[in-house]
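Q: I would like to see how this sequence folds:
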Amino acid sequence: MPGPQVSVIIPVKNEGINILNTVKSIMGSHNTTPYELIVIDDGSRDNCCQFLAGRTQPGSIRLLPTPGLGAAQARNAGASIARGQILIFCDAHIFVEDYWIDRLLEPLLDGRLDAVCPGIAPHDRPHDVAGGFTWDDQLKFTWLPRPPRLSLSPLLPGGCLAIKAGVFFDVGQFDRGLMVWGREDEEISLKMWLFGYRLGVNPEVKILHVFRERHPYTVTWENVDYNLLRMAYSHFRSERISRVIDLIKNHPGSHRVERRVVESDVLIQRKEYFKKRKRDDDWFFERFRIPF
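A: Take a look at the predicted model:
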């Protein structure tokens, strides 16, 4: 029997009713593309994935328990058991429409893009649709308006991100050194562009996203700043690294963050990435008119 063409991968931690609603929405949607659903329960304490207990064997839906790896590593863990040629990483708090998989994949299958996201709207404001995002002059997340047609985007949100499996593994997955939460979708988007791939938004597809007021687990400034600085050391020229250090210098534990990043494997990773990439960070910032 042929395997699924697509693997939908959802990391979960203390999501309460959200993950049940997300699974119901995905499994209840009509699609013609064969797919599997992989839910990674990354150390939840609220039993939110209990309704999937026992689903560990290959099939339409599988549950993979992990011991609190963090957002990036939980996604990588799901990808490690995925059978699909295309990976769709989704948050555990979304609602989808019929044929969302079929339509989202079109620019990947015909070769126009290597990674794509849909239009994304808040679940309580379904007409307020964004499409991809960029950075401002402080490297802060800034939504882009939904384009009228298939368009390139500098960065794709991890809330719903489809990537060819071969591309995902070629760029080294989500950075295995990232902590807890933060910047994982930005880092892999940047990395794909630098390695020569093309990213974009398919506005013909829309998902609804539950934007939470706070995380259901602890995320600190140190976690987010560590991930930002690790991304900078992995991909930026030295002047931009200095600017990132300046951005975080007034945050709690900034000196500790810088020391931990430098003492990690990031300098080895930097050399590997620089050898492999087809474009540099100057190209990226100039191409997408990001003033940093």
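Q: where in the protein is pLDDT low?
A: Residue ranges of the chain with pLDDT under 70: 1-2, 56-59.
Q: at 90 instead, please
A: Along the chain, segments meeting pLDDT under 90 span 1-4, 53-60, 213.
Q: what's the residue closest to the geometric middle of it?
A: Centroid-nearest residue in the chain, with C-alpha atoms, centre = their mean: residue 158, separated by 2.9 Å.
Q: show me what contacts that residue?
A: 71, 75, 89, 91, 184, 185 (C-beta atoms under 8 Å, 6 or more residues apart in numbering). Every residue, glycine included, has its C-beta placed from N, CA and C.
Q: could you do residue 254 as well?
A: 225, 245, 248.
Q: repeat that for 6 Å
A: residue 248 (C-beta atoms under 6 Å, 6 or more residues apart in numbering).
Q: before we move on, what about residue 277?
A: Contact analysis of residue 277 by C-beta under 6 Å, 6+ apart lists 194, 195.
Q: next up, phi/psi of it, please.
A: The phi and psi values for residue 277, taken as degrees, to the nearest 10, are phi -70, psi 150.
Q: from residue 151, how far off is it?
A: Here residue 277 is placed at a distance of 23 Å from residue 151 (C-beta to C-beta, to the nearest Å).
Q: which SS class is residue 121?
A: Reduced to three states with DSSP: H, G, I helix; E, B strand; the rest coil, the structure at residue 121 is strand.
Q: same check, this time on residue 63
A: Three-state call for residue 63 (three-state DSSP): strand.
Q: that one reaches residue 55, doesn't it?
A: Yes. Contact status for residue 63 versus residue 55: in contact at 4.5 Å, counting by C-beta atoms under 6 Å.
Q: more neighbours: which of these two?
A: Taking neighbours as other C-beta atoms under 10 Å, residue 63 and residue 55 compare with residue 63 leading, 19 against 16.
Q: need the contact list for the more buried one.
A: Taking C-beta under 6 Å, 6+ apart as the test, what residue 63 contacts is 39, 52, 55.
Q: and it, bridged to which residues?
A: residue 39 (DSSP bridges).
Q: circling back: which ones among the contacts of residue 158 are found in helices?
A: 71, 75, 184, 185 (DSSP state H).
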